[in-house]
Each structure stands twice: as C-alpha cells, then as structure tokens.
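Novice: The following block contains a protein sequence and its predicted model.
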Amino acid sequence: MVLVHESPGSWQQISASGWNRAELASLRLLSSTETLYIADMFLYVLGLVVLFYLFRWARELPRVGDKASKYVYVTGCDSGFGNLLSRHLDKAGFRVIAGCFTEKGEEELRKACSGNLTATHLDVTSKESVAKVAAVIRDKVGERGLWAVVNNAGVAVPSGPCDWHTLDDYKSMLDVNLNGVIGVTLSVLPLIKKARGRVVNVASVFGRICVTGGPYPVSKFAVEAFNDSLRFTMAPFGVKVLCIEPGFFKTSVTDSDIHMKNVDKLWAKLPQDVKDDYGVEYPQKAKDVIKEKVSQMSDGDLMKVVGCMEHAVSAAWPRKRYSPGWDAKFFWLPLSYMPTCVVDYIFLKNAIPIAKKLQ
C-alpha cells in the first residue's frame, strides 16, 4: 500500500498494483533527491559558518605596533578586572595610567608593575578628580594623543527589589556606573580623537537582559546606550568604541558576603508595610539564594574578561562587542532574544515567594 499526497491535508491510499514500476522508481528518486538537497544545504550553511569563523579568527590576530608610545587609561584598578588588565598591558609594553580609588590600590600596582605604569588617585564621581587625572594624561601624551580609555570602574550594590530602594540609591549607583563612564570618556575624548584611538566600556550581560531589581541593570542598560551612541558619532573620526559584556565572574561585583550584607542593610531601612508585603522569611531566603546560586555561577578565571579587554585595546581589528563567560554566551544573551513572556515565565517561576500573594 502507498500513501499519495493529493492536496494539503488530503492523503489517498493506492495499492502498489495501481502503480507501474517506473512511477514507483520515480517516487523513490524524488524522495532521495529531496534528502540529498537538504543534506547539501546543511553542508553549505555549515561551510559558510566555518569560513566566517576562520575569517574572523585570522582578521583578529594582528596587533597594533609601537606599543611603547601608546598610553592606555584604565579606571577601577584597585582590584578585579581593572587591576589585572593594568598589569597585563604593562607587561605587553603599553604605557598604562591606572586610576585607583584607594592609596593601597595605587601602592600595590606600583610595586607589581614596571616604571612605565602610572598609578593615580581617581574618584569617577568627582568632577575635580576626573579633570585632574585628565590634565595629567594631557601632559604625558602630548600631541600623540591617548590611545585608549577602559571604563572599568563600577559598583553592584545597593541591589534588591525596586520598592526596597530610594531615589538616592539609584543616583549613587548611576553616579559611578553611568555618569562616571560618561565623565571620564568626555574628559579625554579630544585626546583619543587625536590618536584615532578607542574607548572600551565595561557593561554587563545585565545591560542586555534584566532579571533583577534595583539600579544595577538600569545603569548597565544606560552604559550600552551611551556606548552605541558614542560608536556612531565617533566613527567619522576614526575612533573605535567597543563594549565588554561579562557574565558572572568572581569579583567584588559578585561577592556573596557583600550582597548578603546589602540585603540586611536594605531590609533594615524598609517601612513596616513593605516588610509585611514580602514576609519576615524573605530576606533570609534571598541570602540563601545569593550564597548558593551566585557563587556557583561565578567563574574564577578573570583572564577570560581581561583577554577580551586586552584584545579591544591592542587588536588591529577589534570586535564591536565581547561577551566573556560561558553563561553570557549560552544562557544570558540567547535568553535576551527570547519573547518577554518566556523570560518572565522562567524567572517568575523560580522567584522567591512573597508573603502577600495575589488572590
């Protein structure tokens, strides 16, 4: 018995005797041809993907020359990515100007690096501090200009549900994570234009998808917007603007102790009616999630991020965006392209339950 597709939704059974051998052979050949066509198309697409990645790999290999004459300004160098990047660039031969918030950070970098590195105090929330460092850089680089600025300074707390925060909480974080990025960039942008250099902005996967409350994702979405607008407007001047969007890594931004103390601090300031909404068990459950999930998700290999930063600074053809971390590549970024209803369902299903549920 043979099934013949006559029209959409309509199949007819015809006995084999109703077909001559030539017709049956033609049907088998057609089926075989379709299978080969699909296989060929798959191999064709696969070949194009392989060629694309080979081309990108070869294109990204060349590095800029004359590193000894190129100055790189890095913010947030007391610890974490900024600290490692400053050391790495110093070893690579660049002349690094490392902005540190503390004297301890300055001293440790000076001891760990060569005499080509300049460690200086920098508070990105202070216009005077930003202007002072910009003046130092101007004196150092002269007519050559500044090759790159890496806006790495940032904070992650306070962080919690939106109604746990005040406007001052938002302002304090935006002053560092957003206004600090803009202020530092604008302070040295004429020098970067002179060198036809580059601006490297450190955002986050939480600048692409928002699954938590508070000012942190707001600040990182805003950094993404500033990065994109700067990239368009600086392109005619030969300035490259690049964005780093790390996943979870073991730095102060993902430090469980800091975040658990943050929960206690925010909870203590809440009015009683808000506490009643969430329930007395909520803060402890929040701290349990932080202790269990954040530490498990955080990658200890900071060089995955620092390698992307270094490439953005030194590659002849850097990428527009870097997404270091397996969680960024295979979870957060793919999730950011999904429908909002899907994202909401996934995270609300696993959210900490509140005391006053909807009736």
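Specialist: Received the coordinates, thanks. Numbers count the residues shown, from 1 in each chain.

Novice: Send me the helix or strand where L186 lies as CSV with only the CA atoms.
Specialist: In this assignment (DSSP states H and E), L186 forms part of helix 179-195. Output in CSV follows, covering the C-alpha atoms of helix 179-195 (Å, rounded to 0.1, in the frame of the first residue of the first chain):
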residue,chain,number,x,y,z
ASN,A,179,28.0,59.3,34.9
GLY,A,180,31.5,58.1,35.8
VAL,A,181,31.8,56.4,32.4
ILE,A,182,30.5,59.4,30.6
GLY,A,183,32.5,61.9,32.6
VAL,A,184,35.8,60.0,32.2
THR,A,185,35.2,59.5,28.5
LEU,A,186,34.4,63.1,27.7
SER,A,187,37.4,64.3,29.8
VAL,A,188,39.8,62.5,27.4
LEU,A,189,37.8,62.2,24.2
PRO,A,190,39.7,65.0,22.4
LEU,A,191,43.0,63.2,23.1
ILE,A,192,41.5,59.9,21.8
LYS,A,193,40.3,61.6,18.6
LYS,A,194,43.8,63.0,18.2
ALA,A,195,45.3,59.4,18.3
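
Novice: Can you mark which positions in it are buried?
Specialist: 179-185, 187-189, 191-192, 194-195 (16 or more other Cβ atoms under 10 Å). The way it works is simple: take the backbone N, C-alpha and C, and place the C-beta from them, glycine included.

Novice: so how far is the helix or strand just after it off the chain centroid?
Specialist: Toward the C-terminal end, the helix or strand that comes next after helix 179-195 (DSSP H and E) is strand 198-202. Distance of strand 198-202 from its chain centroid, counting by Cα atoms, centre = their mean, to the nearest Å, is 12 Å.

Novice: For A355, which non-adjacent residue is closest in space?
Specialist: G279 (2.9 Å; Cβ to Cβ, 6 or more residues apart in numbering).

Novice: How many residues are close by that neighbour?
Specialist: 15 (other Cβ atoms under 10 Å).

Novice: Low-confidence bits of this structure, can you list those?
Specialist: Residue ranges of the chain with pLDDT under 70: 1-31, 358-359.

Novice: circling back to that earlier point, ok, residues contacting the helix holding L186?
Specialist: With contact meaning Cβ atoms under 8 Å, 6 or more residues apart in numbering, helix 179-195 is reached by 70, 73, 75, 99, 124-125, 127, 130-131, 133-134, 137-138, 141, 143-149, 151, 153-154, 197-199, 201, 223, 226, 230, 234, 237-239.

Novice: Which other helices and strands does the host helix or strand of S172 contact?
Specialist: Per DSSP H and E, S172 falls inside helix 167-177. Packing partners of helix 167-177 (3 or more Cβ pairs under 8 Å, 6 or more residues apart in numbering; DSSP states H and E): helix 215-234.

Novice: quick one: which helix or strand includes P353?
Specialist: Assigned by DSSP H and E, P353 belongs to no helix or strand.

Novice: how many other residues sit next to it?
Specialist: 10.

Novice: how about A203, phi and psi?
Specialist: phi -100, psi -130 (degrees, to the nearest 10).

Novice: Tell me which residues of stretch 214-234 come out buried.
Specialist: Buried residues in stretch 214-234 (16+ other Cβ under 10 Å): 214-224, 226-227, 230-231, 234.

Novice: again, but for stretch 115-125
Specialist: L117, T118, A119, T120, L122, D123, V124.
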